[in-house]
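Enquirer: sharing a sequence plus its predicted fold:
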Amino acid sequence: MTMDMTKVQHAYDMYLTAMMQGLSGGEKLADYYHTAETCNGIGAEWFPGWLRWAVTKTNPTLEPTSWVHDMEYKEGGGIKERWLADWHWLRNGWRAAVKTYGWKEAGRYVVIGKATLFWGILRVGGQAAFNWRKGGEDNGRA
């Protein structure tokens, strides 16, 4: 099976952007072929494609944050690992805003607000997408 090279190039771009933004876990995007298959932009896998596309296109600063989060959800674990993955989403979203926009630019505060909003949605609805597995701290549901 061959991989679509535009997906691999996009995965490479996400890795570079994550590293430039200083995202926690950005190194998880270094395997471009694996991330190209795993990561899907901003939004749950069950979202309609057009919705995930629209949310991702209107929030490009947060896309690398979402890719890191997708990798952490795939790694999975227990309650602690899910909480940490979601905390990384919030912290990385804020970091992406600060690294992308200057303190006088409104975009910084818009991205911080959207990262916080998306984090709230994620905390409420993300448990279904998390890879719950044995070996996590207590292997329960949040």
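Expert: All right, it came through fine. Numbering: from 1, shown residues only.
Enquirer: show me what contacts residue 74?
Expert: Contacts for residue 74 (Cβ atoms under 8 Å, 6 or more residues apart in numbering) come out as 38, 131. (C-beta placed from N, C-alpha, C; glycine too.)
Enquirer: which SS class is it?
Expert: helix (DSSP: H, G, I helix; E, B strand; the rest coil).
Enquirer: so what's it scoring on pLDDT?
Expert: Note on residue 74: pLDDT of 96.
Enquirer: next one: residue 3
Expert: 70.
Enquirer: now do the SS call for it.
Expert: coil.
Enquirer: how close does it sit to residue 34?
Expert: Here the criterion is Cβ to Cβ, to the nearest Å. By it, residue 3 lies 10 Å from residue 34.
Enquirer: quick one: end-to-end length of stretch 21-34, please.
Expert: 21 Å (Cα to Cα, to the nearest Å).
Enquirer: in that stretch, what's buried?
Expert: 21, 23-26, 28-29, 32 (16 or more other Cβ atoms under 10 Å).
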